[in-house]
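Participant: Quick one: sequence and predicted model below, then my questions.
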Amino acid sequence: MIQNDYYHIAMNDMDYINAAKHLPYYNQHCIACQQICEKLFKHIITISYSGEDKDKYLKSHSLRTLYRVIRGYIASFLLPEEELANLTDYYFDAKYPGNDFFTANEEDFTKCYATVEKVVEAVNKLL
C-alpha cells in the first residue's frame, strides 16, 4: 500500500537518494536532501501543530522557519539550525538560474546528506 503523507513521500525520496548517491549529479542530490527535510518537518506540523497559521507554514520552503515552528511547541526537538539554513540555500541556489546559482560538488552533497540523516533520526525519534 502506498502512503501519501509527507513522511512516507520523504522516506521514498530518501530511498531514491540512497540508490542514486553514487551518481555525480550533486545539485539534484543536494536539492533532494532539502526536500526530504522539508517534507519531514511538514509532516510534524501537519500531525501536531494547531495554530491558525498552519497553512502558511506548510507553504514555506525555509527549513529554519519550519524548524522554529516545531521548536516553538516541541522543546525536545533539537537540530543544528545553521545546517538547516545552509540546506535551504541549496533548494534555491542549486536549482534555479541567477546570480547565486552554483554547481554542487561531492563535498557539498556529503554535508547535505549528513544533515538529512540528523533530521531523519530526530523525526523518527519524535514519532
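Facilitator: Perfect, I can see it now.
Participant: contacting residues for residue 88?
Facilitator: 34, 61, 62, 63, 64 (Cβ atoms under 8 Å, 6 or more residues apart in numbering). The way it works is simple: take the backbone N, C-alpha and C, and place the C-beta from them, glycine included.
Participant: Pull the contacting residues for the first one.
Facilitator: Read it as residue 34. So residue 34 contacts 61, 63, 87, 88, 90, 91, 112 (Cβ under 8 Å, 6+ apart).
Participant: returning to that earlier point: inside helices: which ones of the contacts of residue 88?
Facilitator: Among the contacts of residue 88, DSSP state H puts 34, 63, 64 in helices.
Participant: What separation do you get for the last one and residue 111?
Facilitator: Look at residue 64 and residue 111: by Cβ to Cβ, to the nearest Å, they are 16 Å apart.
Participant: Dump the contacts of residue 88 to JSON lines, plus pLDDT.
Facilitator: JSON lines is the format used below for the contacts of residue 88 (pLDDT from 0 to 100):
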{"residue": "34", "pLDDT": "98"}
{"residue": "61", "pLDDT": "95"}
{"residue": "62", "pLDDT": "96"}
{"residue": "63", "pLDDT": "98"}
{"residue": "64", "pLDDT": "97"}
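Participant: Next, the buried residues of the lowest-mean-pLDDT helix or strand in the chain.
Facilitator: For the chain, counting by mean pLDDT, DSSP states H and E, helix 81-93 ranks last in confidence among helices and strands (a mean of 93). Across helix 81-93, burial judged by 16 or more other Cβ atoms under 10 Å covers 83, 84, 86, 87, 88, 90, 91, 93.
Participant: Pull out the CA atoms of stretch 9-17 and give them to me as PDB.
Facilitator: The C-alpha trace of stretch 9-17 is given here as PDB (Å, rounded to 0.1, in the frame of the first residue of the first chain):
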ATOM      1  CA  ILE A   9       7.000  10.600   0.500                       C
ATOM      2  CA  ALA A  10      10.100  11.900   2.200                       C
ATOM      3  CA  MET A  11      11.200   8.300   3.100                       C
ATOM      4  CA  ASN A  12      10.600   7.300  -0.600                       C
ATOM      5  CA  ASP A  13      12.800  10.300  -1.600                       C
ATOM      6  CA  MET A  14      15.400   9.100   1.000                       C
ATOM      7  CA  ASP A  15      15.400   5.600  -0.600                       C
ATOM      8  CA  TYR A  16      15.900   7.200  -4.000                       C
ATOM      9  CA  ILE A  17      18.900   9.300  -2.700                       C
END
